[in-house]
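>>> Below is the structure, and that's it, no one-letter string:
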């Protein structure tokens, strides 16, 4: 059994596309986001259709950014949080290339990057788009309560990012390269509070990170940044403790996309979450820093809480997973 | 743009596991199914937990059948029809290897085989399990009506298979080999009747089949069988017409897993469907025939209708997809 796979031909991210809602577009990474919305309905009649249109926009923007034509793209690998990943499906319906739907909750983005890198690196395809999205309003009403109820949010709750990010992976060209990936396994510490995703996901992030260090022989100092997806403030603290107990101190290198995406204010409590959180932050801010060589090597670990409304209602705890992707400028 | 990928090292299916509910266990492929249930609750307190336990059983049976140990498996690629694919997640929670969740509705099985074959063929992994499940009762109450309502089924409706199938793909060993795969793109002919999946999916199957013939240069006569996933009786007829119009006659070679899985009687109308339909029929009956060289070369095309309850309620038509995998004995 091995969970780390290496990409000898180093698939290259030759273009990205990002789009975000009003709240994210006024956050701390705002200037790196390409398309900013004033209205999170995006001219559509439902939140779900708005999310799907955002994902389509991110994919289209990424393809344009890569200077490729649609007919040079071999496949789209995409996923989101909606039941039956319909945001991805309906976005993909507008393209004529192949489509592979994936789902690992908020870890979907690095799952897609891993599979996309495999298809490119193995010589099976030349250009693959990897994309994910989430939308505060579609997620809130699917997983929690109708927005009209105006439910109070507990302090450990995160705020689902309204945004989408997409990357074009290519077998040639210039840009940040994917060098290896460590695939996550499911970790379930028995957390049952569906408002406390950070606590559920931190052990999975720790397991993947530890496995990555063990299998590659790398240490935290080999990375400029170790970036988790959406652990939030509490979850990030838990991860740093858990991995410290295993002998690695990541205090200097660690940041969390959920902590980066918003301005710090009381409203968002723990920061952002959602399948669109890591794809938005990576495809905007982090991609820019890698491309301009302000960062040389980062490890991106998107983290997912694999519950459903039904599994929570049936009293199940929250299984979590984290996939890590190593990137070099 | 190309949608067919080739596996030079020919990943081998070295073991399979199957489990089915009472109805499937008395159907026409019954004698090839390994684990047969008298009760579709499988000792659990909900249909969803029963489905997850079935999927776990299929995976475990496949690993045992392959004579591998759990710690020789590098990853599980799995999916199902439940929201957030929780049947797969909770089945995967019991294993210690990596997990990649995938979703393309009833086309998920060939999507998983394609990605699994890529990971093996490219030398990234040695042993990968690909598995999917579905359950009549969990699907019925999620997608349609509470079972207690006793709703009348329209004549074009299919019957969701209660079953799970799993395959262990390996870089070495004896068994049927995966030689190539043609990845589907989304086709939407505007069908809005969620009871008529066959009509929605047939155009996607036709597109993938035509693309497969065009890109590989093969013809129907190169295959002993061309096996679709769950088009049902009407959908199969539609596929044969659609592909005939494009110049290929598959009358002699075509069978449908949905048509194979049940005895022919009025109750099931169109035959079976569900993410577990193609995985159950392939991993039992078809695998047996390939392994014993009663069949030499088949094309398996699982077909998926990518709707959700919500997308149907919001008036969307049904996008469909089909992924084809070519197998040799």
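Arrived safely. This is a predicted model, so every value here is computed, not measured.

>>> ok, the residue of the stretch 201-329 of chain A found nearest chain B - how many residues close by?
Proximity of the stretch 201-329 of chain A to chain B (CB to the nearest CB) peaks at residue A:308, 3.8 Å away. (C-beta placed from N, C-alpha, C; glycine too.) By the criterion of other CB atoms under 10 Å in any protein chain shown, residue A:308 has 23 neighbours.

>>> That one: what's it in contact with?
B:82-84, B:86 (CB atoms under 8 Å, 6 or more residues apart in numbering or on different chains).

>>> Same check on residue A:85?
A:78-79, A:101-103, B:103.

>>> Next: residue A:37.
A:19-22, A:25, A:54, A:162.

>>> what's the distance between it and residue B:294?
Using CB to CB, to the nearest Å, we find residue A:37 at a distance of 58 Å from residue B:294.

>>> tell me the phi and psi of the residue in the stretch 101-250 of chain A positioned nearest to chain B?
With CB to the nearest CB, the shortest gap between the stretch 101-250 of chain A and chain B falls at residue A:122, namely 3.2 Å. Backbone torsions for residue A:122, taken as degrees, to the nearest 10, come to phi -80, psi 0.

>>> my read: it touches residue B:125, true?
No: using CB atoms under 8 Å, residue A:122 is not in contact with residue B:125, being 11.4 Å away.

>>> Show me which of these two is the more surrounded one.
residue B:125 (26 against 21).

>>> Tell me if I am right that the more buried one is in a helix.
No: applying DSSP: H, G, I helix; E, B strand; the rest coil, one finds residue B:125 to be coil, outside a helix.

>>> any idea of the pLDDT on it?
According to the prediction, residue B:125 has pLDDT 98.

>>> List the contacts of it.
Contacts of residue B:125 by CB under 8 Å, 6+ apart are A:2, A:5, B:74-75, B:119, B:171.

>>> Same list (the contacts of residue A:37) but as CSV, adding neighbour count and secondary structure.
Formatted as CSV, the contacts of residue A:37 follow (neighbours: other CB atoms under 10 Å in any protein chain shown; DSSP: H, G, I helix; E, B strand; the rest coil):
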residue, neighbour count, secondary structure
A:19, 31, strand
A:20, 29, strand
A:21, 27, coil
A:22, 13, coil
A:25, 19, helix
A:54, 31, helix
A:162, 31, coil
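
>>> Can you tell me which of those lies closest to residue B:280?
residue A:54 (37.1 Å; CB to CB).

>>> in what helix or strand does the most centrally placed residue in chain A lie?
The centre of chain A sits closest to residue A:278, judged by CA atoms, centre = their mean, with a distance of 3.1 Å. Element membership of residue A:278, judged by DSSP states H and E, is helix A:275-281.

>>> Could you confirm whether that helix reaches chain B?
No: Helix A:275-281 does not reach chain B (CB under 8 Å from any CB of the partner chain); its nearest approach is 11.2 Å.

>>> That helix packs against which elements?
The helices and strands touching helix A:275-281, judged by 3 or more CB pairs under 8 Å, 6 or more residues apart in numbering or on different chains; DSSP states H and E, are strand A:75-80, helix A:108-121, strand A:127-134, strand A:163-170, helix A:257-261, strand A:297-305.

>>> what about it, average pLDDT?
On average, helix A:275-281 scores 97.

>>> ok, now stretch A:33-41?
According to the model, stretch A:33-41 has a mean pLDDT of 97.

>>> what does the stretch 101-250 of chain A have sitting close to chain B?
Close to chain B, as judged by CB under 8 Å from any CB, the stretch 101-250 of chain A has residues A:101-105, A:111, A:114-115, A:118-119, A:121-125, A:183-186, A:188.

>>> quick one on the thing from earlier: in the helix holding residue A:278, what's buried?
Across helix A:275-281, burial judged by 16 or more other CB atoms under 10 Å in any protein chain shown covers A:275-281.

>>> Ends of stretch A:181-191, what's the gap?
With CA to CA, to the nearest Å as the measure, stretch A:181-191 spans 27 Å from end to end.

>>> How many neighbouring residues does residue A:148 have?
7.

>>> got a list of what it touches?
Counting by CB under 8 Å, 6+ apart, residue A:148 has no contacts.

>>> helix/strand/coil for it?
helix.

>>> same check, this time on residue A:59
helix.

>>> Name the nearest residue to it, ignoring sequence neighbours.
Leaving out its chain neighbours, the residue that sits closest to residue A:59 by CB to CB, 6 or more residues apart in numbering or on different chains is residue A:166, at 4.6 Å.

>>> What of residue A:114?
residue A:181 (4.1 Å).

>>> Let me know the helix or strand that the one you found is in.
strand A:177-182.

>>> That strand - contacts with which helices or strands?
Checking 3+ CB pairs under 8 Å, 6+ apart, strand A:177-182 ends up next to strand A:4-6, strand A:12-20, helix A:108-121, helix A:197-216, strand A:320-328.

>>> got the angle for the longest one vs helix A:108-121?
Read that as helix A:197-216. Following axes from the mean of the first three to the mean of the last three CA atoms, to 10 degrees, one obtains 30 degrees for the angle between helix A:197-216 and helix A:108-121.

>>> quick check: mean pLDDT across helix A:197-216?
Here the average pLDDT along helix A:197-216 is 96.

>>> same question, the second one
Per-residue pLDDT over strand A:12-20 has a mean of 98.

>>> And the last one, by the same measure?
Taken as a whole, strand A:320-328 has a mean pLDDT of 98.

>>> Buried residues in that strand, which are they?
A:320-327.

>>> other SSEs contacting that strand?
Against strand A:320-328 (3+ CB pairs under 8 Å, 6+ apart) you get helix A:108-121, strand A:177-182, helix A:197-216, strand A:297-305.

>>> The last one pairs with which strands, parallel or anti?
Put plainly, it is strand A:297-305. Applying DSSP bridges, strand A:297-305 is found paired with strand A:225-228 (parallel), strand A:320-328 (antiparallel).

>>> The following helix or strand past it: how far from the chain's middle?
Going down the chain from strand A:297-305, the next helix or strand is helix A:309-313, by DSSP H and E. Chain-centre distance of helix A:309-313: 23 Å, with CA atoms, centre = their mean, to the nearest Å.

>>> what do you get for stretch A:303-315?
19 Å.

>>> Can you measure across it, start residue to end residue?
22 Å.

>>> Now that stretch: average pLDDT?
94.
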